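Student: based on what follows, work out the 3D shape:
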Amino acid sequence: MSLGKDLSSARERKGLTIQQVKESTQIDIRYLKALEKEELSILPDKEIALSYLDTYGSFLNLEVKDLTSQFNKLWSDTNTAKDFLKESLADKQQKSVFQSYKNIFLIASVAILIAISIFTFGAKPDKQTNENPNTIANNPSPEATEPKLQSDKEDISDANTPASSNETINQEINDKPVGAILPANIAIEVAAIRGDCWLEVTVDGKLALYRLVKVGEEPLQFTGTQEINILIGNAAAVDMTFNGESLGPLGTEGQVVRKVLKNLD
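Tutor: Just a heads-up that it's a prediction; the model follows:
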């Protein structure tokens, strides 16, 4: 079982409510629920959370060492999700600041161009030339009277330009199999149905996805031959199918859940 299931099952076996545990342990009911639901992002910090877990586990006569091991794994996953969201927010803020500077620069450039135009076209010329406008027309240059001949060299080069270059590229592309399907024994589909959700997906040991998936996006599909490891930042937001079988919601709102799906053949 998981950390939350271990705690809630032990409490229920003793016939206790969360309120009764709160009165006996003096732990805030919000944090007791967070431990049972594995919503570790609600807890204040790791040291305080571990002290709550120690008190709660001992009260239920559970092996605290095993609970701590499970907690540390969940805490690592929760911090990974938190770090990603912080990075995303910082990136958005940085882009916003850059866009503001860009807009200021564009406005300043336009103002400078307008000022230059006003100065240039508003100034009166100091001199007027007395050149006869017909001079150039009556005395055409030798180049203007001579017909322009097409270069023989251009004809030769055009005639000899090999058309095989593009044909070679196209031939290489056409020689590759199109729509080739790799053998896969594991297939999952993840859809953000009820809200945005951060996902980290590793397929056969290689990172396949690390980003925030927006609600309403097209379902994401992953296939592998050995193992698919998926870390979900908001378990209630997504639905997942494994080899065509629906797994439904994988947790509660804001809960960080990791699923490891293996090929058992």
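Student: just give me the neighbour total for Asp28.
Tutor: Residues within reach of Asp28, counting by other Cβ atoms under 10 Å, total 13. C-beta: built from backbone N, CA, C; applies to glycine.
Student: which SS state does the spatially closest residue to it that is not a sequence neighbour fall under?
Tutor: Take Asp28 and drop its neighbours on the chain: the residue closest to it by Cβ to Cβ, 6 or more residues apart in numbering is Lys22, 7.2 Å away. Secondary structure, DSSP: H, G, I helix; E, B strand; the rest coil: Lys22 is helix.
Student: same check, this time on Tyr210
Tutor: Relying on three-state DSSP, one would call Tyr210 strand.
Student: distance of it from Leu220?
Tutor: The spacing between Tyr210 and Leu220, counted by Cβ to Cβ, to the nearest Å, is 12 Å.
Student: who has more neighbours out of the two?
Tutor: More crowded of Tyr210 and Leu220, by other Cβ under 10 Å: Leu220, with 18 against 13.
Student: for the chain, which segments count as strands?
Tutor: For the chain, the strands defined by DSSP state E cover 186-192, 197-203, 206-213, 220-224, 227-232, 238-242, 245-248, 257-262.
Student: would you list the ones you listed in TSV and tack on distance to Phe59 and mean pLDDT?
Tutor: Shown next, in TSV, are these (distance: least, Cβ to Cβ, whole Å; pLDDT from 0 to 100):
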stretch	distance to Phe59	mean pLDDT
strand 186-192	38	92
strand 197-203	34	89
strand 206-213	38	88
strand 220-224	42	93
strand 227-232	30	92
strand 238-242	34	92
strand 245-248	32	86
strand 257-262	26	88
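Student: of all those strands, which lies closest to Leu106?
Tutor: The minimum distance between Leu106 and those falls on strand 206-213, with 29.9 Å, by Cβ to Cβ.
Student: where does pLDDT dip in the stretch 51-200 of the chain?
Tutor: For the stretch 51-200 of the chain, the stretches flagged by pLDDT under 70 are 77-102, 121-184.
Student: any chance of the strands of the chain in JSON lines, with distance to Leu62 too?
Tutor: Shown next, in JSON lines, are those (distance: least, Cβ to Cβ, whole Å):
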{"stretch": "strand 186-192", "distance to Leu62": "33"}
{"stretch": "strand 197-203", "distance to Leu62": "30"}
{"stretch": "strand 206-213", "distance to Leu62": "35"}
{"stretch": "strand 220-224", "distance to Leu62": "36"}
{"stretch": "strand 227-232", "distance to Leu62": "26"}
{"stretch": "strand 238-242", "distance to Leu62": "30"}
{"stretch": "strand 245-248", "distance to Leu62": "28"}
{"stretch": "strand 257-262", "distance to Leu62": "22"}
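Student: of these, which is nearest Glu12?
Tutor: When the strands of the chain are compared by Cβ to Cβ, strand 257-262 sits nearest Glu12, at 21.6 Å.
Student: within its sheet, name the partner strands of that closest one and how each one runs.
Tutor: Applying DSSP bridges to the sheet, strand 257-262 is found paired with strand 227-232 (antiparallel).
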